[in-house]
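> pasted the sequence and its predicted model underneath.
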Amino acid sequence: MAIFTTNCPHCSAQSISLTVHYATETNRRKKYLFCFCPRCFNPVTIELSSGLEIAEFKHDRNVDISQYSQTIILNIIPQPVEYCAPDYTPEPAASDYIEGEELKAQRRWRAAGFSYRIALENALKAFDPDGSGKLVGRINRLRDTGQIPSSLASFAHEVRLIGNDAAHESERPTEKDIHEISALCELVLQYLFTLPGILKERMNKAEQTEIDQ
Ligand SMILES: [Zn+2]
């Protein structure tokens, strides 16, 4: 089966060999490849211009169509997914969270779990910059000093525990674990940064309106 090496628009896997399941053409210049990503198993359609004959695409061998010099990609369907962190999440926690989302889409559960845990660790540093010791103690300290409510501390502990397993245990985290840790991590970031960010923005707008009046 032919392959086509490019980035997957679903899971952001870089330079991955998509497997070509079907090839067709609408006219002499435009050809369409119907492919699957071997990492996330999602379908990808590639529209291209190529001087190659369509029969060349149907070779029952690992010919990489992207390597032919006459091949030009015109369009990749769907458009690449843009992953983003909850609004107002500071760096580096935002990038760690986005990395977790990309790894989740690539079904790399252990690496994703580790990234979400690092995102949590860096997010909490924004509240406790001189915080030392283990993450468990830092979460509890923020809870005990009233900087985060106990319900949020419980969510943070769940992210920490799944992330710990991802980093150290021989047993790999499951897909369900990672979807759970992703949702909890998003919730923690929204509580810590998105909500205060929106409130601050509205207060600034209200103040500005008062000054203008
Ligand atoms: Zn993919």
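All right, it came through fine. Numbering: from 1, shown residues only.
> how many neighbours does the nearest residue to Cys84 once chain neighbours are set aside have?
Nearest non-adjacent residue to Cys84, counting by CB to CB, 6 or more residues apart in numbering: Ile98, 6.6 Å away. Yep, even glycine has a C-beta here, placed from its N, CA and C like the rest. Per other CB atoms under 10 Å, the neighbour tally for Ile98 reads 18.
> got a list of what Ile98 touches?
Ile98 makes contact with Tyr83, Cys84, Ala85, according to CB atoms under 8 Å, 6 or more residues apart in numbering.
> from the residues you listed, pick the one nearest Ala153.
Using CB to CB, Ala85 is the member of the contacts of Ile98 that lies nearest Ala153, at 20.8 Å.
> ok, and the closest non-adjacent residue to that closest one?
With CB to CB, 6+ apart as the criterion, Ala85 has its nearest non-adjacent residue at 3.8 Å, and that residue is Ala94.
> and for Ser50?
Leaving aside its chain neighbours, Ser50 sits nearest to Thr71 (4.5 Å; criterion: CB to CB, 6+ apart).
> which positions in this structure make contact with the ion?
Contact residues, the chain versus the ion (CB under 5 Å from the ion): Cys8, His10, Cys11, Cys37, Arg39, Cys40.
> thought the fourth one was touching Asn7?
No - using CB atoms under 8 Å as the test, Cys37 is too far from Asn7 to be in contact (9.8 Å).
> of those two, who's got more company?
Between Cys37 and Asn7, Cys37 has the larger neighbour count (other CB under 10 Å), namely 22 against 16.
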